[in-house]
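Participant: Any chance you can model this:
(chains A and B)
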Amino acid sequence: KQEVTQIPAALSVPEGENLVLNCSFTDSAIYNLQWFRQDPGKGLTSLLLIQSSQREQTSGRLNASLDKSSGRSTLYIAASQPGDSATYLCAVSPNTGFQKLVFGTGTRLLVSP
Amino acid sequence: DTEVTQTPKHLVMGMTNKKSLKCEQHMGHRAMYWYKQKAKKPPELMFVYSYEKLSINESVPSRFSPECPNSSLLNLHLHALQPEDSALYLCASSQVAVLRGGNEQFFGPGTRLTVL
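Facilitator: Below you'll find the model as predicted:
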(Lines give C-alpha, C1' and ligand atoms only; values in the text may rest on other atoms or scores of the structure.)
Protein backbone atom coordinates (compact mmCIF):
# COMPACT_ATOMS: atom_id res chain seq x y z
CA LYS A 1 0.00 0.00 0.00
CA GLN A 2 1.40 3.39 -0.98
CA GLU A 3 2.22 5.65 1.95
CA VAL A 4 3.22 9.28 1.61
CA THR A 5 4.98 11.18 4.38
CA GLN A 6 5.90 14.84 4.63
CA ILE A 7 8.60 16.31 6.80
CA PRO A 8 8.51 18.58 8.69
CA ALA A 9 4.91 18.55 9.89
CA ALA A 10 5.16 22.25 10.72
CA LEU A 11 7.63 24.98 9.87
CA SER A 12 7.92 28.59 11.01
CA VAL A 13 10.35 30.94 9.26
CA PRO A 14 10.94 34.69 8.95
CA GLU A 15 10.08 36.38 5.70
CA GLY A 16 12.74 36.18 3.00
CA GLU A 17 14.11 32.76 3.84
CA ASN A 18 14.52 30.05 1.25
CA LEU A 19 12.99 26.80 2.41
CA VAL A 20 12.58 23.16 1.45
CA LEU A 21 9.61 20.92 2.08
CA ASN A 22 10.10 17.17 1.83
CA CYS A 23 7.81 14.42 0.58
CA SER A 24 8.61 10.71 0.59
CA PHE A 25 6.62 7.79 -0.78
CA THR A 26 7.04 4.06 -0.25
CA ASP A 27 6.21 2.72 -3.73
CA SER A 28 8.17 4.17 -6.65
CA ALA A 29 5.62 2.92 -9.22
CA ILE A 30 3.96 6.28 -9.67
CA TYR A 31 2.54 8.07 -12.66
CA ASN A 32 3.08 11.57 -11.36
CA LEU A 33 3.40 13.68 -8.23
CA GLN A 34 1.48 16.84 -7.53
CA TRP A 35 2.10 19.61 -4.98
CA PHE A 36 -0.82 21.59 -3.56
CA ARG A 37 -1.32 24.38 -1.09
CA GLN A 38 -4.36 24.65 1.14
CA ASP A 39 -5.38 27.71 3.12
CA PRO A 40 -7.36 27.05 6.33
CA GLY A 41 -10.88 25.83 5.59
CA LYS A 42 -10.37 26.22 1.84
CA GLY A 43 -9.91 23.97 -1.15
CA LEU A 44 -6.62 22.84 -2.66
CA THR A 45 -4.67 24.92 -5.15
CA SER A 46 -2.48 22.97 -7.56
CA LEU A 47 1.07 24.30 -7.55
CA LEU A 48 3.13 21.92 -9.65
CA LEU A 49 2.73 18.56 -11.35
CA ILE A 50 5.78 16.42 -12.10
CA GLN A 51 5.43 13.47 -14.45
CA SER A 52 7.34 10.33 -13.49
CA SER A 53 9.71 10.87 -16.42
CA GLN A 54 10.61 14.39 -15.27
CA ARG A 55 13.17 15.46 -12.69
CA GLU A 56 11.82 18.89 -11.82
CA GLN A 57 9.26 21.59 -12.50
CA THR A 58 9.40 25.30 -11.84
CA SER A 59 6.75 27.95 -11.40
CA GLY A 60 7.82 31.39 -10.26
CA ARG A 61 9.47 31.10 -6.84
CA LEU A 62 8.59 27.42 -6.61
CA ASN A 63 10.72 24.52 -7.75
CA ALA A 64 9.79 20.90 -7.26
CA SER A 65 12.12 17.98 -7.84
CA LEU A 66 11.39 14.28 -8.12
CA ASP A 67 13.67 11.32 -7.49
CA LYS A 68 11.36 8.45 -8.23
CA SER A 69 13.84 5.67 -7.56
CA SER A 70 14.46 6.87 -4.02
CA GLY A 71 10.83 7.80 -3.43
CA ARG A 72 11.43 11.47 -2.73
CA SER A 73 10.27 14.87 -3.84
CA THR A 74 11.17 18.31 -2.56
CA LEU A 75 9.41 21.62 -2.92
CA TYR A 76 11.75 24.60 -2.82
CA ILE A 77 10.27 28.01 -2.04
CA ALA A 78 12.55 30.95 -2.71
CA ALA A 79 12.35 34.25 -0.82
CA SER A 80 9.37 33.24 1.29
CA GLN A 81 6.57 35.75 1.93
CA PRO A 82 3.79 35.90 4.55
CA GLY A 83 1.33 35.06 1.75
CA ASP A 84 3.04 31.69 1.41
CA SER A 85 1.65 30.68 4.82
CA ALA A 86 -0.55 27.64 4.23
CA THR A 87 -0.50 23.86 4.44
CA TYR A 88 1.44 22.22 1.62
CA LEU A 89 0.39 18.76 0.48
CA CYS A 90 2.09 16.40 -1.90
CA ALA A 91 0.15 13.64 -3.61
CA VAL A 92 1.23 10.74 -5.80
CA SER A 93 -0.73 9.08 -8.55
CA PRO A 94 0.06 5.33 -8.62
CA ASN A 95 0.64 3.48 -11.90
CA THR A 96 -2.05 0.99 -10.97
CA GLY A 97 -4.74 3.66 -10.70
CA PHE A 98 -3.63 6.99 -12.03
CA GLN A 99 -6.81 8.74 -10.99
CA LYS A 100 -6.27 7.87 -7.35
CA LEU A 101 -4.28 10.53 -5.57
CA VAL A 102 -2.60 9.39 -2.38
CA PHE A 103 -1.93 12.41 -0.23
CA GLY A 104 0.85 13.08 2.21
CA THR A 105 0.30 14.23 5.75
CA GLY A 106 1.06 17.88 4.92
CA THR A 107 3.46 20.58 6.12
CA ARG A 108 1.98 23.63 7.86
CA LEU A 109 4.08 26.65 6.92
CA LEU A 110 4.03 29.97 8.73
CA VAL A 111 6.06 32.85 7.31
CA SER A 112 6.37 35.77 9.71
CA PRO A 113 6.81 39.37 8.53
CA ASP B 1 -11.59 29.13 -17.03
CA THR B 2 -9.70 26.94 -14.56
CA GLU B 3 -12.30 27.08 -11.83
CA VAL B 4 -14.24 24.38 -10.07
CA THR B 5 -17.25 25.72 -8.19
CA GLN B 6 -19.10 24.08 -5.32
CA THR B 7 -22.39 24.89 -3.64
CA PRO B 8 -23.31 25.41 -0.92
CA LYS B 9 -20.23 26.67 0.93
CA HIS B 10 -21.68 25.58 4.27
CA LEU B 11 -24.39 23.05 5.10
CA VAL B 12 -25.87 22.05 8.44
CA MET B 13 -28.21 19.08 8.41
CA GLY B 14 -29.87 16.70 10.81
CA MET B 15 -29.43 12.96 10.68
CA THR B 16 -32.86 12.49 9.08
CA ASN B 17 -32.44 15.14 6.39
CA LYS B 18 -31.77 14.65 2.70
CA LYS B 19 -29.48 17.19 1.05
CA SER B 20 -27.27 17.47 -2.00
CA LEU B 21 -23.86 18.95 -2.71
CA LYS B 22 -23.18 20.34 -6.18
CA CYS B 23 -20.00 20.76 -8.20
CA GLU B 24 -19.49 22.33 -11.60
CA GLN B 25 -16.55 22.79 -13.97
CA HIS B 26 -16.25 24.21 -17.49
CA MET B 27 -12.70 23.14 -18.34
CA GLY B 28 -13.82 20.30 -20.59
CA HIS B 29 -12.59 17.75 -18.09
CA ARG B 30 -14.16 14.32 -18.33
CA ALA B 31 -13.09 13.03 -14.91
CA MET B 32 -14.64 14.33 -11.70
CA TYR B 33 -13.96 13.40 -8.11
CA TRP B 34 -15.39 13.62 -4.62
CA TYR B 35 -13.04 13.77 -1.63
CA LYS B 36 -13.72 13.96 2.10
CA GLN B 37 -11.37 15.86 4.38
CA LYS B 38 -11.47 15.77 8.16
CA ALA B 39 -9.80 18.48 10.22
CA LYS B 40 -6.00 18.44 10.05
CA LYS B 41 -6.03 15.37 7.79
CA PRO B 42 -5.33 15.01 4.07
CA PRO B 43 -8.21 14.52 1.64
CA GLU B 44 -9.51 10.97 1.13
CA LEU B 45 -10.90 9.87 -2.20
CA MET B 46 -14.56 8.83 -2.21
CA PHE B 47 -15.71 8.55 -5.84
CA VAL B 48 -14.40 9.03 -9.37
CA TYR B 49 -16.47 9.55 -12.50
CA SER B 50 -14.94 9.10 -15.95
CA TYR B 51 -17.01 10.07 -18.97
CA GLU B 52 -20.03 10.43 -16.69
CA LYS B 53 -19.74 6.84 -15.46
CA LEU B 54 -18.76 5.82 -11.95
CA SER B 55 -15.29 4.30 -12.23
CA ILE B 56 -14.11 4.24 -8.62
CA ASN B 57 -16.05 3.86 -5.37
CA GLU B 58 -13.73 3.68 -2.39
CA SER B 59 -16.14 1.55 -0.35
CA VAL B 60 -18.15 4.59 0.65
CA PRO B 61 -21.32 3.96 2.74
CA SER B 62 -24.56 4.01 0.76
CA ARG B 63 -25.79 7.08 2.64
CA PHE B 64 -23.55 8.95 0.17
CA SER B 65 -24.89 8.70 -3.38
CA PRO B 66 -23.00 10.34 -6.23
CA GLU B 67 -24.49 11.41 -9.52
CA CYS B 68 -22.97 12.83 -12.70
CA PRO B 69 -25.84 14.18 -14.84
CA ASN B 70 -23.52 15.57 -17.52
CA SER B 71 -19.84 16.21 -18.19
CA SER B 72 -19.84 19.52 -16.29
CA LEU B 73 -21.84 18.63 -13.20
CA LEU B 74 -21.30 16.34 -10.24
CA ASN B 75 -23.67 15.90 -7.33
CA LEU B 76 -23.36 14.15 -4.00
CA HIS B 77 -26.68 13.18 -2.46
CA LEU B 78 -26.72 12.82 1.31
CA HIS B 79 -29.22 10.85 3.38
CA ALA B 80 -29.28 9.63 6.97
CA LEU B 81 -25.81 10.91 7.72
CA GLN B 82 -24.04 10.51 11.03
CA PRO B 83 -22.26 13.22 13.07
CA GLU B 84 -18.92 11.61 12.16
CA ASP B 85 -19.65 12.47 8.50
CA SER B 86 -19.08 16.13 9.34
CA ALA B 87 -16.15 17.24 7.20
CA LEU B 88 -15.05 19.39 4.27
CA TYR B 89 -16.23 17.80 1.02
CA LEU B 90 -14.06 18.63 -1.95
CA CYS B 91 -14.79 18.22 -5.62
CA ALA B 92 -12.07 18.00 -8.25
CA SER B 93 -11.81 17.53 -11.99
CA SER B 94 -9.13 16.48 -14.47
CA GLN B 95 -8.46 15.19 -17.93
CA VAL B 96 -8.94 11.44 -18.30
CA ALA B 97 -6.46 10.45 -20.99
CA VAL B 98 -3.14 9.40 -19.52
CA LEU B 99 -1.33 9.87 -22.82
CA ARG B 100 -2.08 13.57 -22.81
CA GLY B 101 0.50 13.81 -20.11
CA GLY B 102 -1.59 15.06 -17.31
CA ASN B 103 -4.26 14.11 -14.96
CA GLU B 104 -3.56 17.22 -12.92
CA GLN B 105 -6.48 17.59 -10.60
CA PHE B 106 -8.13 20.95 -9.99
CA PHE B 107 -10.08 21.38 -6.79
CA GLY B 108 -13.07 23.43 -5.79
CA PRO B 109 -13.31 25.43 -2.54
CA GLY B 110 -15.27 22.72 -0.77
CA THR B 111 -18.51 22.44 1.17
CA ARG B 112 -18.22 22.50 4.96
CA LEU B 113 -20.78 19.95 6.17
CA THR B 114 -21.98 19.71 9.76
CA VAL B 115 -24.28 16.85 10.77
CA LEU B 116 -26.16 17.39 14.01
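
Participant: Identify the bridge partners of residue B:6.
Facilitator: Beta bridges link residue B:6 to residue B:23, judged by DSSP bridges.

Participant: My read is that it contacts residue B:106, right?
Facilitator: No. The criterion here is CB atoms under 8 Å, and residue B:6 misses it with residue B:106 at 12.0 Å. For the C-beta atoms, the positions are set from N, CA and C on the backbone; glycine is no exception.

Participant: what's near enough to touch the most centrally placed residue in chain B?
Facilitator: Nearest to the mean C-alpha position of chain B, by CA atoms, centre = their mean, lies residue B:34 at 2.6 Å. Going by CB atoms under 8 Å, 6 or more residues apart in numbering or on different chains, residue B:34 touches B:23, B:45, B:46, B:47, B:64, B:66, B:74, B:76, B:89, B:90, B:91.

Participant: Out of those residues, which comes closest to residue A:106?
Facilitator: Closest approach between the contacts of residue B:34 and residue A:106, by CB to CB: residue B:90, at 14.2 Å.

Participant: Just the pLDDT for the closest one.
Facilitator: Reading off the confidence values, residue B:90 has pLDDT 97.

Participant: and if you look at the one 5 residues further on?
Facilitator: What the model reports as pLDDT for residue B:95 is 86.

Participant: Likewise for residue B:18?
Facilitator: pLDDT, residue B:18: 95.

Participant: ok, now how distant is residue B:23 from residue A:53?
Facilitator: 31 Å (CB to CB, to the nearest Å).

Participant: Just want to know which of the two has more residues nearby.
Facilitator: When residue B:23 is set against residue A:53 and neighbours are counted by other CB atoms under 10 Å in any protein chain shown, the residue ahead is residue B:23, at 27 against 10.

Participant: give the contact list for residue B:107.
Facilitator: Here residue B:107 is in contact with A:36, A:43, A:44, A:45, A:46, B:4, B:35, B:90, B:91, B:92 (CB under 8 Å, 6+ apart).

Participant: any weak-confidence spans in chain A?
Facilitator: Applying pLDDT under 70 to chain A flags residues A:98.

Participant: tally of neighbours for the one residue in it that gets nearest to chain B?
Facilitator: Nearest to chain B in chain A, going by CB to the nearest CB, is residue A:103, at a distance of 3.5 Å. Per other CB under 10 Å, the neighbour tally for residue A:103 reads 21.

Participant: Please look at it and residue A:87 and confirm they touch.
Facilitator: No. Look at residue A:103 against residue A:87 with CB under 8 Å: they stay out of range, at 10.9 Å.

Participant: bridging residues for the residue lying closest to residue A:101 once chain neighbours are set aside?
Facilitator: Leaving aside its sequence neighbours, residue A:101 sits nearest to residue A:91 (CB to CB, 6 or more residues apart in numbering or on different chains; 4.2 Å). Using DSSP bridges, the bridge partners assigned to residue A:91 are residue A:34, residue A:103.

Participant: Residue A:91 against residue A:105, yeah?
Facilitator: No. If you go by CB under 8 Å, residue A:91 and residue A:105 don't touch, sitting 11.1 Å apart.

Participant: Mind checking which of these two has more residues around it?
Facilitator: With neighbours defined as other CB under 10 Å, residue A:91 and residue A:105 compare such that residue A:91 has more, 24 against 17.
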